[in-house]
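> this is the structure alone, sequence omitted:
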């Protein structure tokens with residue numbers, strides 16, 4: 001539910017596509033996420049494409065985590081179970097805290113679309129240095145589901161009864 005008495009707070013969001021085979025022209029999922037976040041009123045901080053290499057992924061994401069101007073990082077790709085899928089291995093060591101319910105909820109919602117194939121997704125989310133990170137599958141359908149059914153509401157300060165944005169001032173508390 002949207003509380004119209006609250007003002008929308010635009011966030012600065014970085015998008016990383018992880019793929020060995022896609023360039024900017026073929027990057028449907030990254031473009032979809034950029035379009036969705038901008039339509040919602042958020043700002044694109046930066047968009048990048050990395051190949052499926054744990055250290056390149058980690059370097060890009062670490063750079064964004066260290067920048068206080070970045071509020072959220074969305075990655076797409078590399079969450080499957082093949083030998084080259086390494087996004088969770090690259091990202092989860094950077095988490096200060098994992099948001100376990102995100103992956104669980106994503107797989108429940110994804111079951112509606114792709115049935116038991118959802119068990120192949122290692123979608124995850126967490127917090128690092130006060131920045132939210134969401135690791136999404138490479139499928140544009142999965143990215144649309146994740147944004148439309150989960151992320152969009154949680155990144156909207158007006159969403160009630162609670163949302164991730166209202167927790168941002170407290171993420172770095174010790």
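Done, it's in. Just so it is clear, the structure is predicted and the values come from calculations on it, not from any experiment. Numbers count the residues shown, from 1 in each chain.
> please enumerate the strands of this structure.
With strands called from DSSP state E, the chain shows them at 12-18, 43-50, 72-76, 97-98, 124-128, 131-136.
> let's have those in a markdown table, adding mean neighbour count.
Yep, even glycine has a C-beta here, placed from its N, CA and C like the rest. A markdown table is the format used below for the strands of the chain (neighbours: other Cβ atoms under 10 Å):
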| stretch | mean neighbour count |
| --- | --- |
| strand 12-18 | 26 |
| strand 43-50 | 17 |
| strand 72-76 | 27 |
| strand 97-98 | 12 |
| strand 124-128 | 22 |
| strand 131-136 | 27 |
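> of all these, which one comes closest to residue 162?
Distance to residue 162, taken as Cβ to Cβ, is lowest for strand 131-136 among these, at 14.3 Å.
> who does the closest one touch, helix- and strand-wise?
Helices and strands touching strand 131-136, by 3 or more Cβ pairs under 8 Å, 6 or more residues apart in numbering; DSSP states H and E, are helix 54-66, strand 72-76, helix 87-91, strand 124-128, helix 140-146.
> go through the helix or strand of the chain with the lowest mean pLDDT and flag the buried ones.
Using mean pLDDT, DSSP states H and E, helix 100-114 stands out as the lowest-scoring helix or strand of the chain, at a mean of 87. For helix 100-114, a neighbour-count test (16 or more other Cβ atoms under 10 Å) marks 102, 103, 105, 106, 107, 109, 110, 114 as buried.
> verify the contact between the fifth one and residue 118 for me.
When you say that, I think you mean residue 107. Yes - at 4.7 Å, residue 107 and residue 118 qualify as touching, with contact defined as Cβ atoms under 8 Å.
> ok so, going back, which other helices and strands does the least confident helix or strand of the chain contact?
Counting contacts by 3+ Cβ pairs under 8 Å, 6+ apart, helix 100-114 is packed against strand 124-128, helix 140-146.
> ok, residues contacting the shortest one?
Residues outside strand 124-128 that contact it (Cβ atoms under 8 Å, 6 or more residues apart in numbering) are 65, 79, 88, 91-92, 94-99, 102-103, 132-135, 171.
> hmm, back to that, dump the buried residues of helix 100-114 to CSV, plus distance to residue 159.
Compiled in CSV, those are given as follows (distance: Cβ to Cβ, whole Å):
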residue, distance to residue 159
102, 15
103, 20
105, 15
106, 17
107, 22
109, 16
110, 21
114, 26
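> report the outermost residue of this protein with respect to its centre.
In the chain, the greatest distance from the average C-alpha position (Cα atoms, centre = their mean) is reached by residue 5, at 27.2 Å.
> hey, what's the closest residue in space to residue 56 that isn't next to it in sequence bridged with?
Once flanking residues are discounted, residue 56 sits nearest to residue 50: 4.6 Å by Cβ to Cβ, 6 or more residues apart in numbering. Note on residue 50: beta-bridge partners by DSSP bridges are residue 18.
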